[in-house]
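[1] Build me a structure from this.
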Amino acid sequence: MRHNGNRFRVSSSDCFCAFPVRWFARFDQGTRNAAASTAETLLLERLRDVLTESDALIVSDYGCGSITTGVIAMLAASAPKRTIPLMADGRDLERTGGGDTFVAAFTLALAAGTDTPEAAELAAAAAAVVATKDRTAACTAHELHEAIADSEKRIADVNELRERVSSTRARGQRLVFTNGCFDILHRGHVTLLNRAKALGDVLIVGVNSDDSVHRFKGRNRSINALDDRLKVLAALSYVDYVVAVDADSPRELIRAVQPDIYVKGGDYTRETLPEAPLIESLGGAVCILPYLEERSTTGIIARIRGVV
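    This is a model prediction of the structure:
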């Protein structure tokens with residue numbers, strides 16, 4: 001049961017875990033006084049029953065008084081005997097982000113046999129998913145899989161791109177799109193991409209194919225092949241999806257994405273950007289972000305050749 005405004009709704013299928021979980025009740029109203037002795041006794045009896053068949057335990061009462069000294073003593077004595085994960089969610093009520101999701105995902109991963117560093121990575125990914133949603137929210141198994149799988153960031157074709165965009169739109173998220181060669185990835189690139197992601201919720205990067213780079217830059221470019229460039233970009237946490245661009249213009253991808261914001265580097269202006277009219281006709285906005293001074297792939301290659 002989950003509280004939503006003045007209503008409560010039953011919920012278990014939207015949990016991201018891979019095996020069944022117990023029903024739970026959450027009440028966002030109540031006192032912060034310690035539970036009465038009769039309530040504490042009933043809670044202790046119920047906990048003893050639950051602990052015999054539980055694979056993990058999270059202790060969190062949102063500072064509302066149900067975790068008494070008696071409850072703490074019983075949990076401290078019981079959980080270690082069964083060698084199950086026992087987590088305490090030290091919640092700060094003045095702050096309501098993805099902390100509870102982090103604790104839940106971390107505990108679940110440990111209960112499933114994952115080691116601590118990997119459990120922490122899964123938990124951070126789950127918390128990042130819910131942080132993009134409004135109000136109380138959950139991270140589904142599909143969303144978590146998308147968040148942690150590098151291969152899932154690489155989109156094969158326009159049809160798959162449309163599917164990803166559709167699910168993103170359904171979540172009410174803002175789409176940011178940019179494109180380029182991204183040949184030798186350097187600080188200027190990552191700064192641009194980081195700033196681009198900050199403008200919305202999901203960042204899609206179109207990457208020029210090897211043939212496309214040849215047409216733009218000459219036969220001695222690219223230095224890194226398309227597969228390598230896609231892999232490196234997909235490894236950046238603030239890049240959500242990467243897709244190859246074989247045409248001389250990303251217009252087909254722009255029509256598929258219909259981005260809220262189209263980002264390009266500072267060597268363009270609104271007037272010199274060929275795609276600007278298309279973006280605006282689709283209801284999007286063009287954002288020109290400044291490049292860092294003396295940060296370019298061409299400059300790096302020139303310096304390397306000078307040294308060699």
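[2] rest of the way, CA atoms for contacts and neighbours
    Will do.
[3] Could you point out the helix or strand that follows the lowest-mean-pLDDT helix or strand in the chain?
    In the chain, no helix or strand scores lower on mean pLDDT, DSSP states H and E than strand 7-9, which sits at a mean of 30. On the C-terminal side of strand 7-9, the nearest following helix or strand under DSSP states H and E is helix 37-51.
[4] strands paired with the following helix or strand past that following helix, and their directions?
    The helix or strand immediately downstream of helix 37-51 is strand 57-59, counting by DSSP H and E. With DSSP bridges as the test, strand 57-59 is paired with strand 86-88 (parallel).
[5] list the buried ones in the partner strand?
    Residues of strand 86-88 classed as buried by neighbour count (16 or more other Cα atoms under 10 Å): Leu86.
[6] Need the CA coordinates for the following helix or strand past that strand. CSV is fine.
    The C-terminal neighbour of strand 86-88 among helices and strands, as given by DSSP H and E, is helix 99-111. Only the C-alpha atoms of helix 99-111 are listed here, as CSV (Å, rounded to 0.1, in the frame of the first residue of the first chain):
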residue,chain,number,x,y,z
GLY,A,99,17.8,7.4,-0.2
ASP,A,100,15.1,4.9,0.6
THR,A,101,15.4,3.4,-2.9
PHE,A,102,19.2,3.2,-2.5
VAL,A,103,18.9,1.3,0.8
ALA,A,104,16.2,-1.1,-0.6
ALA,A,105,18.2,-1.8,-3.8
PHE,A,106,21.5,-2.2,-1.8
THR,A,107,19.9,-4.6,0.6
LEU,A,108,18.2,-6.7,-2.1
ALA,A,109,21.4,-7.0,-4.0
LEU,A,110,23.3,-8.2,-1.0
ALA,A,111,20.5,-10.7,-0.2
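[7] Whichever helix or strand comes after helix 99-111 to helix 99-111, inter-axis angle?
    Later in the chain than helix 99-111, the nearest helix or strand by DSSP H and E is helix 116-131. If you take axes from the mean of the first three to the mean of the last three Cα atoms, to 10 degrees, helix 116-131 sits at 150 degrees to helix 99-111.
[8] residues making contact with helix 116-131?
    97-99, 101-107, 109-110, 137-139, 143-144, 147-148 (Cα atoms under 8 Å, 6 or more residues apart in numbering).
[9] Return the set of buried residues in the helix or strand that that helix is followed by.
    Using DSSP H and E, the helix or strand that follows helix 116-131 in sequence is helix 141-148. Under the neighbour-count criterion of 16+ other Cα under 10 Å, helix 141-148 has 144, 146-148 buried.
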